[in-house]
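> Sequence isn't available, so here's the structure alone:
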């Protein structure tokens, strides 16, 4: 017979929340493998011993994990989803009759009490330690890179920086900024002032900086620097800086030293793109005791045809002099702080009577430059000729998968709040949830080291295959044997089916 569903609510409901959550739900796996006990010890001193009991801090952190896991960027929406979703309630330890924390309480604790205690950094480090205990972090070969996070502010909020000055300087600046208008040019429009980080700041987010990239609009942004372990793509350190190419290279050494001191990781190599191939960045990585497997930055070519380049000169470290191909010495003349280079010049008499002058210079005497960190740059260049460097560069591209996941699924494309501390909390929590996902996936599969081993063998097979393709003689031999093989197998040879791609 046809049934009819009754809309009347019963006086009592006999149901267990445990039975309503599927056994294969990801929140069950997270609750089974991830330990959040560090939250209690870190927040114990943040609450008073008297008064009305507050919301359990672990409940708020578990709600945060849900928000980053499912891309819920709004705190109001997060509280609403926890109120309606049974799996979310079960993960947070809330019963059906328990009240979900209000969004105002959630916000006040998150950005007030927790933000000043370093809880998010401690939680991130605790998750990394759990990954290390399960054997997911090898700590030998790392990768560093940075991605841009758009600030929670627009260009309309920019205003000139106010600088205190003397009355004389103020009158002089006013006179320079308001010149006497010529009658001939009185009707012409004046150009708008150029925006720069040295002259303008955002009144909404003073910590944000202007960023301009080719084929992209200028925007206020931050830089999220990430240090990844190559074995299972576990993030071992995170730091937020302004979007400065040279500062990103410098912060790589800081993250390496912090991961060594805090986590006990002793890396051997670190891979990076061309942003980490400059002198200051390479030096910072080498001083941390790590071999830099970084790409070579884009440099201008030597355009003087037939003239000796800087590679033809020998450096004498004891006397701080350069020795030219003719054996003459070039003495230091000045230093360029902006380019971090020293300028060396030869004596006029040595160049005038030199037999190699036509191959050395077209002026009266030769002038050469040497970078302050040239020794470290030479070391990085020597590493680029090894097979280990090529493997590291292939593993380096896996960090782009983490950035894509964070921006597309976790809301890292744009900052949620203003201020570098709030952006740092967002980046730390994003990296924490990413690590949780990889830990749970590896442990649920039952073989933590399988991912890193597969990637290692896959990279080796790719290198062998490329070497075989580049061997022209072997390729021609294989091509000549194709007709005979087809004849033996009784297969008709169609021209378009067998084409050897040139490499």
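On my side now, so go ahead. This is a predicted model, so every value here is computed, not measured.
> How far does the helix or strand hosting residue 222 sit from its chain's centre?
Following DSSP states H and E, the helix or strand that holds residue 222 is strand 219-229. Centroid separation between strand 219-229 and its chain, computed with Cα atoms, centre = their mean, to the nearest Å, is 4 Å.
> Which positions in the strand or helix carrying residue 343 come out as buried?
Take DSSP H and E as the rule and residue 343 turns out to sit in strand 341-345. Neighbour counts over strand 341-345 (16 or more other Cβ atoms under 10 Å) mark 341-342, 344-345 as buried. Where you see a C-beta, it was placed from the backbone N, CA and C, and this is true even at glycine.
> what do you get for stretch 26-41?
26-31, 33-34, 36, 38-39.
> got those as a markdown table, with secondary structure and pLDDT columns?
A markdown table is the format used below for the buried residues of stretch 26-41 (DSSP: H, G, I helix; E, B strand; the rest coil; pLDDT from 0 to 100):
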| residue | secondary structure | pLDDT |
| --- | --- | --- |
| 26 | helix | 94 |
| 27 | helix | 95 |
| 28 | helix | 94 |
| 29 | helix | 94 |
| 30 | helix | 95 |
| 31 | helix | 94 |
| 33 | helix | 94 |
| 34 | coil | 94 |
| 36 | coil | 92 |
| 38 | helix | 87 |
| 39 | helix | 90 |
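> got a markdown table for those residues, with distance to residue 131 too?
As requested, the buried residues of stretch 26-41 are exported to a markdown table (distance: Cβ to Cβ, whole Å):
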| residue | distance to residue 131 |
| --- | --- |
| 26 | 17 |
| 27 | 19 |
| 28 | 19 |
| 29 | 15 |
| 30 | 13 |
| 31 | 17 |
| 33 | 10 |
| 34 | 10 |
| 36 | 15 |
| 38 | 14 |
| 39 | 18 |
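> out of the residues you listed, who's nearest residue 160?
Ranked by distance to residue 160 (Cβ to Cβ), these are led by residue 39 at 44.0 Å.
> C-terminal to the strand holding residue 343, which secondary structure element comes first?
Using DSSP H and E, the helix or strand that follows strand 341-345 towards the C-terminus is helix 348-352.
> now that following helix, how far from the chain's geometric center?
That offset, for helix 348-352, works out to 50 Å (Cα atoms, centre = their mean).
> buried stuff in it?
Those would be 350-351, for helix 348-352 by 16+ other Cβ under 10 Å.
> and the angle for the helix or strand hosting residue 142 with strand 219-229?
Assessed by DSSP H and E, residue 142 sits inside strand 141-150. If you take axes from the mean of the first three to the mean of the last three Cα atoms, to 10 degrees, strand 141-150 sits at 160 degrees to strand 219-229.
> Make 438 the starting number, not 1.
Will do, 438 is the new start, and the previous item becomes strand 578-587.
> Can you list the helices and strands that strand 578-587 packs against?
Counting contacts by 3 or more Cβ pairs under 8 Å, 6 or more residues apart in numbering; DSSP states H and E, strand 578-587 packs against strand 656-666, strand 671-678, helix 682-700, strand 706-709, helix 824-833, helix 836-846, helix 857-882.
> And the protein, what are its domain boundaries?
454-554, 563-589+655-733+821-882, 747-807, 887-934 (automatic domain parsing).
> can you give me the mean pLDDT across the longest one?
Mean pLDDT, computed over domain 563-589+655-733+821-882, is 92.
> what's the span of it from first residue to last?
One end of domain 563-589+655-733+821-882 sits 22 Å from the other (Cα to Cα, to the nearest Å).
> picking that back up, angle of the strand holding residue 579 against helix 857-882?
Using the same axes, to 10 degrees: strand 578-587 against helix 857-882 is 130 degrees.
> other SSEs contacting the next helix or strand after strand 578-587?
With elements assigned by DSSP H and E, the helix or strand that comes after strand 578-587 is strand 595-597. Where contact means 3+ Cβ pairs under 8 Å, 6+ apart, strand 595-597 is packed against strand 637-639.
> just the domains of the chain: most buried one?
Comparing the domains of the chain by mean neighbour count (mean count of other Cβ atoms under 10 Å), domain 563-589+655-733+821-882 comes out on top with a mean of 20.
> For the residue most central in space within the chain, which residues are in contact?
Note on the chain: the residue nearest the mean C-alpha position is residue 583, at 2.2 Å, using Cα atoms, centre = their mean. Residues in contact with residue 583 (Cβ atoms under 8 Å, 6 or more residues apart in numbering) are 660-663, 678, 685, 712.
> Looking at the helices and strands packed on strand 578-587, which is nearest to residue 452?
helix 857-882 (27.3 Å).
> just to confirm, which helix or strand has residue 516 in it?
Using DSSP H and E, residue 516 falls in helix 512-521.
> chain center to that helix, what's the gap?
31 Å.
> still on that earlier bit, kindly reformat the buried residues of strand 778-782 as CSV containing pLDDT and distance to residue 851.
Shown next, in CSV, are the buried residues of strand 778-782 (pLDDT from 0 to 100; distance: Cβ to Cβ, whole Å):
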residue, pLDDT, distance to residue 851
778, 86, 39
779, 87, 43
781, 89, 49
782, 90, 52
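> Let me know the closest of those to residue 866.
Of all the buried residues of strand 778-782, residue 866 sits closest to residue 778, with 42.0 Å by Cβ to Cβ.
> May I have the residues that are in contact with the closest residue to residue 476 other than its chain neighbours?
The shortest distance from residue 476 to any non-neighbouring residue, by Cβ to Cβ, 6 or more residues apart in numbering, is to residue 495 (4.8 Å). For residue 495, the contact set (Cβ under 8 Å, 6+ apart) comprises 473, 476-477, 530.
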